[in-house]
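J.: sequence and computational prediction follow.
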Amino acid sequence: MSFIYLFGLRLVPVFPFFMINLLMGLTKMKVTTFYWVSQVGMFAGTVVYVNAGTQLGKIKSLAGILSPTVLGSFILLGLFPLVAKKIVSTVRNKENE
C-alpha cells in the first residue's frame, strides 16, 4: 500500500526527492518496488516539465508566446496535477477492492 504514496509523491514533486528516499527507506517496501514505482512516477513529470521548458526556449518574439505549441505545453502543465491525482485515486481504489 505504501507504493501508492510513493507514486503520488513522485508524480507531483512537492517534497525534495532526497527526503522521500530517506523516508521510504524506513518502510518495508522492497527495493525493486521502490525502483519501478519511482521510475514510472518521475518519468511522467519529467516529460511534462521538459516539454514546457523546450517550448519556452523556442520563443523568439512576444508573439511566440501565443503559438499553439507553447499554449499546448502550458495546458499540459496545468492539467498534469489533475491527471496525476486521478491516476493515484484510481490505483488506490483498485487496491482497496
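T.: That came in fine, so what should we check first?

J.: quick one: the helices in this protein?
T.: 2-11, 17-24, 31-57, 68-96 (DSSP state H).

J.: check those for me and report the most buried one.
T.: helix 2-11 (a mean of 19; mean count of other Cβ atoms under 10 Å). C-beta here means a position set from N, CA and C on the backbone, and glycine is covered the same way.

J.: dump the C-alpha coordinates for that one into PDB.
T.: In PDB, the C-alpha atoms belonging to helix 2-11 read as follows (Å, rounded to 0.1, in the frame of the first residue of the first chain):
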ATOM      1  CA  SER A   2       2.900   2.400   0.600                       C
ATOM      2  CA  PHE A   3       3.800   2.300  -3.100                       C
ATOM      3  CA  ILE A   4       0.700   4.300  -3.800                       C
ATOM      4  CA  TYR A   5       2.000   7.100  -1.600                       C
ATOM      5  CA  LEU A   6       5.400   6.900  -3.300                       C
ATOM      6  CA  PHE A   7       3.800   7.000  -6.700                       C
ATOM      7  CA  GLY A   8       1.800  10.200  -5.800                       C
ATOM      8  CA  LEU A   9       4.900  11.900  -4.300                       C
ATOM      9  CA  ARG A  10       6.900  11.100  -7.400                       C
ATOM     10  CA  LEU A  11       4.200  12.300  -9.800                       C
END
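
J.: ok, M24 - contacts?
T.: Neighbour list for M24: 2, 6, 34 [criterion: Cβ atoms under 8 Å, 6 or more residues apart in numbering].

J.: please read the previous query as pertaining to G64.
T.: By Cβ under 8 Å, 6+ apart, the contact set of G64 is 58, 70.

J.: where does the protein dip in pLDDT?
T.: 1 (pLDDT under 70).

J.: next, name the residue at the spatial heart of it.
T.: L11 (2.7 Å; Cα atoms, centre = their mean).

J.: quick one: it from T33, how far?
T.: L11 is 16 Å from T33, where distance means Cβ to Cβ, to the nearest Å.

J.: could you do Q55 as well?
T.: For Q55, the distance to T33 - Cβ to Cβ - is 34 Å.

J.: phi, psi for G25 please.
T.: The phi and psi torsions at G25 (degrees, to the nearest 10) take the values phi -70, psi -20.

J.: this completes my enquiry, with thanks.
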